[in-house]
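Colleague: how would this look folded up:
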Amino acid sequence: MRRFIVGLFALIGFFAVLAAAGVVLLIGKALPTRAALPGTIVLTADLTRGLDEGPGQDPLMSLIAGNKPTLRDFLDGLERGGADPRVKGIYARVGDDVFGLAKAQELRDAIRAFRAQGKFAIAFADSFGEFGPGTRPYYLASAFDEIWLQPMGLVGLTGLYAQVPFFKGTLDWLGITPSFDHRSEYKTAMNTLTETRMTAPHREEVEALVSSMAGQIVRGIAESRNLTEPEVRSAIDRGPFFADEAQQAHLVDRLGYRDEAVARARERAGSGAELVSLATYLDDAGRPHESGPAIALIYGTGLIQRDASSGGLLAGEGEMSAQAVARAFRAALRDSEVRAILFRIDSPGGSVVASETIWREVGRARERGKPVIVSMSDLAGSGGYYIAAPADKIVAEPASLTGSIGVVAGKLVLGGLLDKLGVSTDSAQFGANAGMFDETTDFSPSAHQRLEDFLDRIYQGFKSHVAAGRHMTADQVEAVAKGRVWTGEEARTRGLVDELGGYAVALRLAKEAAKIAGDAPFKIVVYPRREPASERIFNRLLGREGEPDSGASSSLGGAIGLVDPLLRRLAALGRDPALLLMPPLPDPR
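Modeller: Residues are numbered from 1 along each chain as shown. Down below sits the predicted model:
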């Protein structure tokens with residue numbers, strides 16, 4: 001009876017959603033059709049809300065909340081607009097610290113390429129950090145040829161500040177004992193649980209990352225603003241700046257308000273210019289690369305798991321399901337039109353088993369004659385690098401965080417907490433290590449030895465995969481491994497990355513690998529192909545979406561993971577016996 005009632009309510013919900021979708025479609029048809037694009041266009045974009053990395057929002061969420069722009073929308077819009085004589089330039093709102101440094105570099109690459117086509121680019125900010133960090137958004141804005149700042153705004157160009165939280169004191173207070181080990185000294189993913197401050201290798205790693213990123217920011221601003229690097233470093237030490245001070249320091253070009261910046265964009269575009277959002281323009285003009293031989297685009301974003309945590313009807317998709325990515329590779333492999341695969345990765349790593357699953361599919365694609373080019377976003381470390389290693393070429397932005405070749409394993413021992421709560425347990429077992437993963441007691445000596453053996457085996461396998469994929473010797477891999485995280489800039493000098501750049505560079509390499517001539521047309525096909533919203537609703541209601549959940553993640557872990565990305569990492573450390581996971585490095589701001 002209970003199943004019948006649940007099914008009845010699910011059926012009612014299904015028809016209710018379909019009815020709502022029908023109303024939306026009818027209203028859409030009743031509205032007047034959109035006018036053709038004007039003859040003189042200024043593209044507009046709001047870069048203060050961020051851009052999704054993946055293929056796009058879940059169709060169900062899009063149905064309710066509307067589409068959220070993606071990074072690819074922005075890149076495709078500027079690429080299409082750069083070759084369109086109707087498009088004269090772009091006006092963009094900037095100023096909020098919403099992008100990682102590598103994504104900011106990706107946007108800068110696109111803006112510079114757009115300007116190279118003879119277009120202008122105006123950035124407007126009411127403030128670069130309202131008495132808060134503004135270095136990264138200003139770095140992004142410096143790629144525009146004209147920067148406007150509201151008269152009472154600030155330029156929070158203060159450099160980079162990296163802070164790491166440690167939870168050992170909290171765990172001690174709760175009576176929870178973190179029992180972990182790692183390979184090797186720079187593999188510090190568990191340090192937030194086991195330490196109260198950075199260890200010497202941890203500090204060395206973080207300071208090197210901050211130094212590399214800071215150098216990239218200084219060079220980028222100096223080049224874009226026609227300043228010397230010493231002048232930029234001096235400005236950073238004097239920041240933050242009031243608006244008039246920023247103009248005097250040649251950090252911004254004009255002080256004014258949004259309407260004045262918009263009027264300036266119209267003036268530069270010429271008579272009759274109209275503002276058109278990038279989304280509207282892309283809808284009408286179409287994406288670039290829509291005909292010819294195909295290049296498959298596969299996204300691998302989020303914490304790597306065997307399968308994504310099961311969720312409700314409108315659940316999000318913030319995790320990388322190994323099963324889903326593997327299916328996408330197999331589908332691209334079967335498609336005779338696909339000549340190469342562009343694999344876009346934005347992941348701190350995750351499950352060892354899940355990473356191995358994806359690694360195998362990348363290797364199989366190459367074996368079957370379909371080259372794989374990896375494009376790294378903000379993060380592609382540990383398991384994220386594991387799945388990149390067998391690719392034909394790896395491309396990273398200078399600030400992409402990658403490497404972290406190592407492994408951490410263990411568990412959170414809850415016995416002390418249970419004692420404080422007055423909870424007692426008892427057990428019976430068969431087998432010396434039957435209680436190895438019991439979270440109420442620490443590892444026994446024999447179980448701990450098996451843990452050490454496990455770490456050695458995984459670490460050796462990881463290094464072997466990297467050596468084979470990157471054509472490096474064991475000694476060369478060991479020198480860059482030990483769990484050490486590198487920026488893309490550093491990784492390239494050490495043989496872990498082939499070229500610096502973003503999506504456009506990776507796409508060029510994919511074309512070359514696919515033997516598509518430089519000026520020949522081609523199309524980009526995103527895998528896995530998404531079913532329509534109505535079909536997705538039906539499958540979710542019937543519980544038929546994707547393959548069955550592996551059971552690797554508990555409902556508690558999934559619920560915690562939705563609260564905060566940091567807690568998601570802590571939940572993963574407490575849930576999985578072994579992880580190829582980057583340390584929760586500070587996000588320098």
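Colleague: Show me which helix or strand of the protein is least confident by mean pLDDT.
Modeller: None of the helices or strands of the chain scores lower by mean pLDDT, DSSP states H and E than helix 555-563, at a mean of 38.
Colleague: Report pLDDT for the residue nearest the centre of the chain.
Modeller: Computing the C-alpha centroid of the chain and ranking residues by Cα atoms, centre = their mean puts Asp346 first, at 3.5 Å. pLDDT for Asp346: 95.
Colleague: So it sits against Ser375, correct?
Modeller: No. The pair Asp346 / Ser375 is not scored as a contact, 9.4 Å apart, by Cβ atoms under 8 Å. C-betas here are computed from N, CA, C, even on glycine.
Colleague: The helix or strand harbouring Leu297: partners in the sheet, and parallel or antiparallel?
Modeller: Assigned by DSSP states H and E, Leu297 belongs to strand 294-301. Using DSSP bridges, strand 294-301 pairs in its sheet with strand 338-347 (parallel), strand 523-527 (parallel).
Colleague: residues of the next helix or strand after that strand that come out buried?
Modeller: Per DSSP H and E, the first helix or strand lying C-terminal to strand 294-301 is strand 303-305. For strand 303-305, a neighbour-count test (16 or more other Cβ atoms under 10 Å) marks 303-305 as buried.
Colleague: quick revisit: would you mind pulling the contact partners of the strand holding Leu297?
Modeller: Strand 294-301 is contacted by residues 53-55, 289, 318, 320, 325, 328-329, 332, 335, 337-347, 358, 377, 384, 387, 507, 510-511, 514, 516, 522-527 when judged by Cβ atoms under 8 Å, 6 or more residues apart in numbering.
Colleague: now it, how far from the chain's geometric center?
Modeller: 14 Å (Cα atoms, centre = their mean, to the nearest Å).
Colleague: Show me the strands in the stretch 1-150 of the chain, by range?
Modeller: 41-46, 87-93, 120-125, 146-149 (DSSP state E, counting those that start in this stretch).
Colleague: Could you name the helices and strands sitting against the last one?
Modeller: In terms of contacts (3 or more Cβ pairs under 8 Å, 6 or more residues apart in numbering; DSSP states H and E), strand 146-149 is packed against strand 120-125, helix 243-248, strand 254-255, helix 258-269.
Colleague: Tell me which strands that strand pairs with, and in which orientation.
Modeller: Strand 146-149 sits in its sheet next to strand 120-125 (parallel), strand 254-255 (parallel), going by DSSP bridges.
Colleague: Would you mind giving those as JSON lines with mean pLDDT and distance to Pro201 added?
Modeller: Listed next are those as JSON lines, based on pLDDT from 0 to 100; distance: least, Cβ to Cβ, whole Å:
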{"stretch": "strand 120-125", "mean pLDDT": "98", "distance to Pro201": "39"}
{"stretch": "strand 254-255", "mean pLDDT": "98", "distance to Pro201": "46"}
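Colleague: Tell me which of the ones you listed lies nearest to Phe443.
Modeller: Nearest to Phe443, of all the strands paired with strand 146-149, is strand 120-125, at 53.2 Å by Cβ to Cβ.
Colleague: Show me how far that closest one is from its chain's centre.
Modeller: 25 Å.
Colleague: Could you look up the SS state of Ser211?
Modeller: helix (DSSP: H, G, I helix; E, B strand; the rest coil).
Colleague: and it, how far is that from Glu229?
Modeller: 14 Å (Cβ to Cβ, to the nearest Å).
Colleague: again with Ser427
Modeller: From Ser427 to Glu229 the distance is 63 Å (Cβ to Cβ).
Colleague: For these two, indicate the residue with more neighbours.
Modeller: Glu229 (13 against 9; other Cβ atoms under 10 Å).
Colleague: mind listing the helices for the stretch 251-400 of the chain?
Modeller: 258-269, 278-285, 322-334, 352-367, 383-386 (DSSP state H, counting those that start in this stretch).
Colleague: so which of the ones you listed is the most packed in?
Modeller: Using mean count of other Cβ atoms under 10 Å, the stretch among the helices of the stretch 251-400 of the chain with the largest mean neighbour count is helix 383-386, at a mean of 33.
Colleague: what's near enough to touch the closest residue to Leu455 other than its chain neighbours?
Modeller: Spatial nearest neighbour of Leu455, excluding adjacent residues (Cβ to Cβ, 6 or more residues apart in numbering): Arg183 at 5.0 Å. The contact partners of Arg183, taken as Cβ under 8 Å, 6+ apart, are 406-408, 455-456, 458-459, 482-483.
Colleague: Leu278: which of the strands paired with strand 146-149 is closest?
Modeller: Using Cβ to Cβ, the strands paired with strand 146-149 put strand 120-125 closest to Leu278, at 12.6 Å.
Colleague: Ala491 in helix, strand or coil?
Modeller: helix.
Colleague: Let me have the helices and strands packed on strand 146-149 in JSON lines, extended by distance to Phe166.
Modeller: As requested, these are exported to JSON lines (distance: least, Cβ to Cβ, whole Å):
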{"stretch": "strand 120-125", "distance to Phe166": "35"}
{"stretch": "helix 243-248", "distance to Phe166": "36"}
{"stretch": "strand 254-255", "distance to Phe166": "43"}
{"stretch": "helix 258-269", "distance to Phe166": "43"}
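Colleague: Roughly how far does the residue nearest to Leu455 sit from Val352?
Modeller: Going from Arg183 to Val352 by Cβ to Cβ gives 12 Å.
Colleague: hey, what's in contact with both of those two?
Modeller: Common neighbours of Arg183 and Val352 are listed as 407, 458 (criterion: Cβ under 8 Å, 6+ apart).
Colleague: on that earlier part again, are any of the contacts of Arg183 buried, and if so which?
Modeller: Using 16+ other Cβ under 10 Å, the buried members of the contacts of Arg183 are 406-408, 455, 458-459, 482-483.
Colleague: what number of residues lie near the closest residue to Arg108 other than its chain neighbours?
Modeller: Closest residue to Arg108 apart from its sequence neighbours, by Cβ to Cβ, 6+ apart: Ala143 at 3.9 Å. Counted with other Cβ under 10 Å, residues neighbouring Ala143 total 24.
Colleague: Mind listing what's buried along stretch 202-221?
Modeller: For stretch 202-221, the neighbour count (16+ other Cβ under 10 Å) marks 202, 205-206, 209-210, 212-214, 216-218, 220-221 as buried.
Colleague: no wait, stretch 469-484
Modeller: Under 16+ other Cβ under 10 Å, the buried positions of stretch 469-484 are 469-470, 472, 476-477, 480-484.
Colleague: what are the ranges of the helices in the stretch 1-150 of the chain?
Modeller: 2-30, 59-65, 71-82, 101-115, 135-141.
Colleague: quick one: average confidence on the third one?
Modeller: Here helix 71-82 scores 96 as its mean pLDDT.
Colleague: Ok, the fourth one next?
Modeller: Per-residue pLDDT over helix 101-115 has a mean of 97.
Colleague: which regions of the stretch 201-350 of the chain sit below the pLDDT cut-off?
Modeller: Where the stretch 201-350 of the chain drops to pLDDT under 70, the residues are 308-317.
Colleague: related to what we said a few turns ago, would you list the strands paired with strand 294-301 in CSV and tack on distance to Pro69?
Modeller: CSV is the format used below for the strands paired with strand 294-301 (distance: least, Cβ to Cβ, whole Å):
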stretch, distance to Pro69
strand 338-347, 16
strand 523-527, 16
